[in-house]
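Chemist: turn this into a structure:
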Amino acid sequence: MKLIALNPTPPDSPVNGADLLAILDRRLAELSARDNELLARQIEIESTPHSSRSDANAATMNEAQAILHGEKFNPSPVRPMAAFDAIVAERAVIKRAQQIGNSEKVRIATELAGDIWASYFPDISKIEKRRIMLARELQSVNQARERLREKIVAAGGAGLLPTDSSELLGFAHRDDEVSWASERLIADNIATRSEINKASRNCGSD
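Modeler: Residues are numbered from 1 along each chain as shown. Below you'll find the predicted structure:
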């Protein structure tokens, strides 16, 4: 049976996850092409009149008849059935290799995605922290804005402000999305609770 061997990577060559994925993609493409060749040959053998299976059986019967009649056993040097079996066996090996290769691709791609994400974690931390701090500050501004509205109404003015049609993150309720995101930053050690509370108090005295 002809098996396709992997080309070894020189021991001193640095190989990262992206390189491994490229190698696997190339090998899987080669295996798929080889499997297509074998399938075409298998179909050819199976569709031939007096197929290889029948020929092999006939050859076996002829040999049995020969030794039954006293002739010396002289097997055919090449049997069509042997070629057919070799094709089926190699296709089975290729199928198994493809399963292993695809599993490896998933594993490597997952690890690579994690490594890439980790390499950006300082930038992620910075932007996520800034995002939440601004959101908390806006909620604090909203609270100060409502206190201003109350003062205007208490003085006899109309309790209308120019941007009343937009809620803009509300007033920092315990179960709102900004509070949830703030807790996530604390859990991920991106921000401390004191930093979160400070952002909320920045405009609290306005």
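Chemist: chain neighbours aside, what residue packs nearest to residue 128?
Modeler: For residue 128, the nearest residue in space outside its immediate sequence neighbours is residue 190; the separation is 5.9 Å by C-beta to C-beta, 6 or more residues apart in numbering. C-beta coordinates here come from the backbone N, C-alpha and C atoms, glycine included.
Chemist: that neighbour against residue 127, yeah?
Modeler: No: applying C-beta atoms under 8 Å as the test, residue 190 and residue 127 come out as separate, 10.1 Å apart.
Chemist: higher neighbour count, the two?
Modeler: The neighbour comparison of residue 190 against residue 127 (other C-beta atoms under 10 Å) goes to residue 190, with 16 against 11.
Chemist: what's the helix or strand for that one?
Modeler: Using DSSP states H and E, residue 190 sits in no helix or strand.
Chemist: what sits against it?
Modeler: 125, 128, 129 (C-beta atoms under 8 Å, 6 or more residues apart in numbering).
Chemist: now the buried members of these.
Modeler: Judged by neighbour count, with 16 or more other C-beta atoms under 10 Å as the criterion, the buried members of the contacts of residue 190 are 128, 129.
Chemist: check the secondary structure at residue 158 for me.
Modeler: The three-state label given to residue 158 by DSSP: H, G, I helix; E, B strand; the rest coil is coil.
Chemist: what is whichever strand or helix holds residue 106 packed up against?
Modeler: Following DSSP H and E, one finds residue 106 within helix 80-119. In terms of contact count using 3 or more C-beta pairs under 8 Å, 6 or more residues apart in numbering; DSSP states H and E, helix 80-119 is assigned the packing partners helix 17-47, helix 52-68.
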